[in-house]
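> Turn this into a structure:
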Amino acid sequence: MHQFDEHHAEFKGFSEYFDGMVRPTLHVRDAARAKAVRNGIIAGVLSATLISIAAFIAIIRFDETGLGFFLFFAAAASTVFMFTLMTHDIREETKSRIVNAIIGYVGWTFEPEVATFDVKEFQELFLIPKSVDRQSFEDSLSGEAHGAGFRSVEAHLEKRSRDSKGNTKWRTVFSGQIMTLDFPTKTFGRTVVLRDKGWFNSKKQSDMKRIGLADPVFEKIFEAYGTDQVEGRVILDPAFMQQMVDLEKAVSGKNIRFGFDRDTLFIAVETKDQFEAGSMFKSLMDPDRTQKILDEVGAVFDIVDTLLKRKKAASLPY
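Next up is the predicted model:
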C-alpha cells in the first residue's frame, strides 16, 4: 500500500481508503488506458505519415515549398491531436474517479460542468478584467474547511476584437482559478492586493488608497490598497502574505491577487487546468497523479488554517 502525504487532519486514513476503494477500480481500467495509448500512437503516426506524404508531393512535384512546410507542421500537430482524441475518454474517467474519491472523502462537492458563476465582485475588486465579452467555467469545488465555507471554479474569460478584414478574434484576458472563502473575522473596509506594476503603480484604486506592506520582500511583489489603512496592515501580515505565495506555488499558478470585502476573501490566480489526471503513459495506479490532486485540494485547507490562526490570536483590533 502506498502511503500518501496526508498533510491535513481531514486526509488521515485516505491511504487505506484509496488502497481499498479506489485503486482496484483504477487497476481494472488500466488495460483500457494502455489500449487507448496504443491506439492514440497508431492513429497519430498514421495521420502524420499521410500528411507528410502530401507535404513531399507539394514540395517535390508542385514546387510548393510554403505549402509543404505548412503540411509538415500540420503533420506534427496531428500526432498530438490524434493521441489526445484517442485518450480523452479514459483521461476524463480517471480524473473523475480520483477527484471524486478525494472530494467525497473530505465531504466536499465537485461539479465538472458549471453553467454560470457570478464574477461581479471579483471585477469590482480589480482581481479580473471588468470588460469581458465571453466567459466559461468548469470544475467547481465547494464545501467547508474547518467551518469556513468556500467555492472555487476554473474560469476562462475572453475579449472580442476584429482584425482589419472584419474577422472576429477572441483574446484570453484571464484563465485560472477564482475562489471565495468565508473570512473568520468580519472586516469593516475593503482591502485588495494586486501584483506590483513598478512605475505604473497607482496611488489609488477607486476609493482605496495604497497600503505599505511590512515586509520589503512582499512590497516588491505586490501592491496593496484599502479603505482602512490600519485594518489593511493588520490583515496583510507577513505570515498571510507568505501563505498566498505558497498557494500560488501549490496550484502551479502565477500572478495571484486577492481581496477582502466584509466577511469574504476573494482570490484569483492564473493557472493551467487543475485536477487533471496527468500523463496517460503512466499506470492509472501511479501515486503521483493522486498526490498532485490531493495537494491541490490541500491548498484550500492551508488558506483556512492561516485565517483561523489569525482569529485565535485575536490579531484584528475589533
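
> Could you measure from Arg23 over to Gly298?
Distance, Arg23 to Gly298, using C-beta to C-beta, to the nearest Å: 20 Å. Glycine gets a C-beta too; all of them are placed from N, C-alpha and C.

> sorry, that was for Leu85
32 Å.

> So for Arg23 and Gly298, which residue has more residues nearby?
Gly298 (21 against 18; other C-beta atoms under 10 Å).

> Give the other helices and strands that the one helix or strand that one maps to contacts.
According to DSSP states H and E, Gly298 maps onto helix 287-312. Under the contact definition 3 or more C-beta pairs under 8 Å, 6 or more residues apart in numbering; DSSP states H and E, helix 287-312 sits against helix 65-106, strand 134-145, strand 148-162, strand 168-182, helix 238-250, strand 264-270.

> and the ones you listed, which is most packed in?
strand 264-270 (a mean of 21; mean count of other C-beta atoms under 10 Å).

> what about that one, average pLDDT?
Regarding strand 264-270, the rounded mean pLDDT is 91.

> circling back: export the helices and strands packed on helix 287-312 to CSV and tack on distance to Ala214?
Listed next are the helices and strands packed on helix 287-312 as CSV, based on distance: least, C-beta to C-beta, whole Å:
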stretch, distance to Ala214
helix 65-106, 34
strand 134-145, 27
strand 148-162, 25
strand 168-182, 23
helix 238-250, 6
strand 264-270, 19
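
> lowest-confidence stretch among the ones you listed?
helix 238-250 - the lowest mean pLDDT of the helices and strands packed on helix 287-312, at a mean of 80.

> could you give the angle of the following helix or strand past that helix to strand 264-270?
Downstream of helix 238-250, the first helix or strand assigned by DSSP H and E is strand 254-261. Relative orientation of strand 254-261 and strand 264-270, computed by axes from the mean of the first three to the mean of the last three C-alpha atoms, to 10 degrees: 170 degrees.

> Hmm, Gly143 and Trp108 touching each other?
Yes - the criterion here is C-beta atoms under 8 Å, and Trp108 meets it with Gly143 at 3.3 Å.

> Check what pLDDT the residue of the chain positioned farthest from its centre gets.
Centroid-distance maximum for the chain: Arg61 at 48.5 Å, with C-alpha atoms, centre = their mean. Per-residue confidence (pLDDT) for Arg61: 79.
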